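J.: My questions concern the predicted model and sequence given below.
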Amino acid sequence: MLLLVIVGYVWWLSGRVRRLHRRAEAATAALDAKLVRRAAASAVLAEQLAGPCPKVADDLYAVARAALDASEAEREAAENDLTRTLRELTTLVPAPLQRAPAWPDVVTASRRVGLARQVHTDLVRDARRVRAQVPVRLFRLARPHPEPAYFDIDDPGLDQVPEACADPLPASETA
């Protein structure tokens with residue numbers, strides 16, 4: 001009877017480990033998609049700012065392109081550069097930003113990156129915590145799964161949003 005209870009517990013724990021790792025992988029994929037969407041929206045914004053602010057637009061486009069083209073090892077640094085550049089935009093060119101149709105998309109994408117990053121961090125923490133449990137290590141239940149890694153970037157939220165862009169969704173889309 002005791003052997004049956006131990007086998008049942010190990011089977012349940014194995015399923016838990018598998019589910020947590022799948023969720024962490026899904027969160028990584030979702031975060032990656034949100035980062036790509038933000039970089040693409042930033043590139044579109046750079047194209048729209050090319051007329052009124054060509055130097056700022058060139059810099060933004062280069063940073064957005066670098067974030068899109070970055071390898072895994074360079075990804076965190078590239079995303080941090082993009083975050084800093086977007087924050088600087090609100091102080092450098094507030095008036096052209098208010099007229100740029102892509103700015104609300106960048107704000108929305110940045111907020112979604114922040115949320116996806118928080119979900120990803122929580123799931124990676126949970127997966128790592130369960131990997132550290134003695135029964136999981138003893139029975140090597142996490143061995144078939146790669147260890148999830150944190151994605152450490154600055155908070156992508158844009159603090160200073162021009163008033164015209166404070167609500168990124170038009171009223172017709174929120175109803």
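T.: Thanks, I have the structure now. Residues are numbered from 1 along each chain as shown.
J.: could you pull out the helices for the chain?
T.: Assigned by DSSP state H, the helices in the chain fall at 2-49, 54-69, 75-92, 94-99, 103-131, 134-138, 171-174.
J.: Kindly present the ones you listed as TSV, with separate columns for mean pLDDT.
T.: Shown next, in TSV, are those (pLDDT from 0 to 100):
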stretch	mean pLDDT
helix 2-49	96
helix 54-69	96
helix 75-92	93
helix 94-99	82
helix 103-131	96
helix 134-138	95
helix 171-174	46
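J.: want to throw those helices into a markdown table with distance to residue 147?
T.: All C-beta atoms are positioned from the backbone trio N, CA, C, and that covers glycine. Shown next, in a markdown table, are the helices of the chain (distance: least, C-beta to C-beta, whole Å):
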| stretch | distance to residue 147 |
| --- | --- |
| helix 2-49 | 9 |
| helix 54-69 | 25 |
| helix 75-92 | 17 |
| helix 94-99 | 41 |
| helix 103-131 | 7 |
| helix 134-138 | 12 |
| helix 171-174 | 40 |
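J.: Tabulate those helices in a markdown table, adding columns for distance to residue 150 and mean neighbour count.
T.: Listed next are these as a markdown table, based on distance: least, C-beta to C-beta, whole Å; neighbours: other C-beta atoms under 10 Å:
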| stretch | distance to residue 150 | mean neighbour count |
| --- | --- | --- |
| helix 2-49 | 10 | 17 |
| helix 54-69 | 18 | 18 |
| helix 75-92 | 10 | 18 |
| helix 94-99 | 31 | 16 |
| helix 103-131 | 5 | 19 |
| helix 134-138 | 19 | 12 |
| helix 171-174 | 33 | 7 |
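J.: quick one: contacts for residue 44?
T.: 102, 105 (C-beta atoms under 8 Å, 6 or more residues apart in numbering).
J.: actually residue 80, sorry about that
T.: Residue 80 touches 153, 154, counting by C-beta under 8 Å, 6+ apart.
J.: separation between it and residue 86?
T.: 11 Å (C-beta to C-beta, to the nearest Å).
J.: Quick check, residue 92 in contact with residue 59.
T.: No. Counting by C-beta atoms under 8 Å, residue 92 does not reach residue 59; the two are 9.6 Å apart.
J.: how near is residue 26 to residue 139?
T.: 25 Å.
J.: Is it correct that residue 85 is in contact with residue 59?
T.: Yes. Between residue 85 and residue 59 there is a contact under C-beta under 8 Å: 6.7 Å.
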